[in-house]
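Chemist: 3D, please:
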Amino acid sequence: MPWFKRLAYQIDLMRHLVWRDFSLRYKRSALGILWSLVSPISQLLVLVFLFQSVVPLNIADYPAFVFVALLPWSWFSSCISSACGLFIVNRDLVRHPNFVPAHLMIVNTLSNLLTYLVALPILFLVMALYGLSLTPALLVLPVLLLIQGILTVGLSLIVATLNVFYRDVQHIVGVLLLLLFYLTPVFYRSQSVVEKYHIIYTLNPITVIIQSYRTIFFYGVVPTWTSLLFAGISALLICAGGYIIYYRHHHNIFDLL
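Modeler: Numbering: from 1, shown residues only. Take a look at the predicted model:
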């Protein structure tokens, strides 16, 4: 089969798998796709209540401030947590001779991306309620989505591969995601952090990405290209490292499954 036909076949297959994964998630449920909005909106309400009423952070337009960062964080955390069991849950598909198991990470990332895109109109509504308008900086959004997608696929490959050999990985990932949530400026400003800890936020690619979302949506300006370049290079390196780990162990994955 010519290479372009193989490429077209793989793209069509992944498109089908992405839609299947997304639709099955809400099949036979009363609210259907609306369930994808329940979790981020519930988190938003809790965070707004805590940090606007109980422990005020004195951030203007706080609900919009939080929601802008909470949506990409939800996309990231959902992908990484569900990636742990992808090879195990899809073992029949993984063992199929004409299927590349690594593609499951792309499918999982794109499927959760659809959930993010579904929630965008709610974000626009929240922004409008607080007088925030969209600016030409929104044109940078596809770049951010691409960088976060590459980073997510790389980390997913690492945790999915290791979880086949050590089932403790899924529990460790759950704990690390919880810790990372508090180390990522989702519900607070990174500028409020004590100066000696700024290095944690500067060298954390997911922090740079989350702050870039807030920059284009909440502040309406283009992020600095140095921060985008750092996040992009970090994402590519992590993705390459994830693929190397997967490639070195994929034969053993077949045996264990």
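Chemist: what about the helices in this structure?
Modeler: Counting by DSSP state H, the segments of the chain that form helices are 3-25, 35-49, 62-83, 86-89, 91-94, 103-129, 141-165, 169-183, 198-202, 205-217, 225-256.
Chemist: how much space is there between Ile209 and Leu86?
Modeler: The spacing between Ile209 and Leu86, counted by C-beta to C-beta, to the nearest Å, is 22 Å. To be clear about C-beta, it is placed using only N, CA and C from the backbone, and glycine gets the same treatment.
Chemist: My error: substitute Pro56 in the last question.
Modeler: 41 Å.
Chemist: The two - which one has more neighbours?
Modeler: Counting neighbours by other C-beta atoms under 10 Å for Pro56 and for Leu86 shows that Leu86 has the greater number, 25 against 10.
Chemist: Could you measure from that one over to Thr109?
Modeler: 11 Å.
Chemist: what separates the nearest residue to Gln148 once chain neighbours are set aside from Leu57, distance-wise?
Modeler: Leaving out its chain neighbours, the residue that sits closest to Gln148 by C-beta to C-beta, 6 or more residues apart in numbering is Ile209, at 5.2 Å. Between Ile209 and Leu57 the distance is 22 Å, computed by C-beta to C-beta.
Chemist: quick one on the thing from earlier: the residue nearest to Gln148 contacts Ala231, doesn't it?
Modeler: Yes. Under the criterion of C-beta atoms under 8 Å, Ile209 is in contact with Ala231, at a separation of 5.3 Å.
Chemist: Number of residues surrounding the residue nearest to Gln148?
Modeler: Other residues near Ile209 number 27, with proximity taken as other C-beta under 10 Å.
Chemist: and it, what does it touch?
Modeler: Contact partners of Ile209, counting by C-beta atoms under 8 Å, 6 or more residues apart in numbering, are 72, 144, 147-148, 151, 231.
Chemist: nearest to Leu117, of those?
Modeler: Proximity of the contacts of Ile209 to Leu117, judged by C-beta to C-beta, is greatest for Pro72, which lies at 11.3 Å.
Chemist: can you tell me which residues contact the closest one?
Modeler: With contact set as C-beta under 8 Å, 6+ apart, Pro72 has these partners: 116, 144, 148, 209-210, 213.
Chemist: of those, closest to Leu203?
Modeler: Ile209 (12.8 Å).
Chemist: what's the spacing between the closest one and Leu256?
Modeler: Ile209 sits 33 Å away from Leu256 when distances are taken as C-beta to C-beta.
Chemist: Likewise for Leu57?
Modeler: 47 Å.
Chemist: neighbour-wise, which of these two wins?
Modeler: Neighbour count, other C-beta under 10 Å: between Leu57 and Leu256, Leu57 has more, with 15 against 11.
Chemist: Backbone dihedrals for the more buried one, both of them.
Modeler: The phi/psi pair for Leu57 (degrees, to the nearest 10) reads phi -100, psi 0.
Chemist: Could you do the one 4 residues further on as well?
Modeler: Main-chain torsions, Asp61, degrees, to the nearest 10: phi 50, psi 50.
Chemist: looking at it, it is touching Leu132, isn't it?
Modeler: Yes. Using C-beta under 8 Å, Asp61 makes contact with Leu132 at a distance of 6.7 Å.
Chemist: list residues touching both of these two?
Modeler: The contact sets of Asp61 and Leu132 overlap at Phe218 (C-beta under 8 Å, 6+ apart).
Chemist: Which one of those two is surrounded by more residues?
Modeler: Just comparing Asp61 and Leu132: by other C-beta under 10 Å the higher neighbour count belongs to Leu132, 19 against 15.
Chemist: which residues sit in contact with the nearest residue to that one once chain neighbours are set aside?
Modeler: If you skip the residues right next to it in sequence, Leu132 has Ala64 as its closest partner in space, 5.7 Å away by C-beta to C-beta, 6+ apart. For Ala64, the contacting residues are 123, 126-127, 129-130, 132, 218, by C-beta under 8 Å, 6+ apart.
Chemist: Then Cys79?
Modeler: Counted by C-beta under 8 Å, 6+ apart, Cys79 has contacts 108-109, 112, 152, 156.
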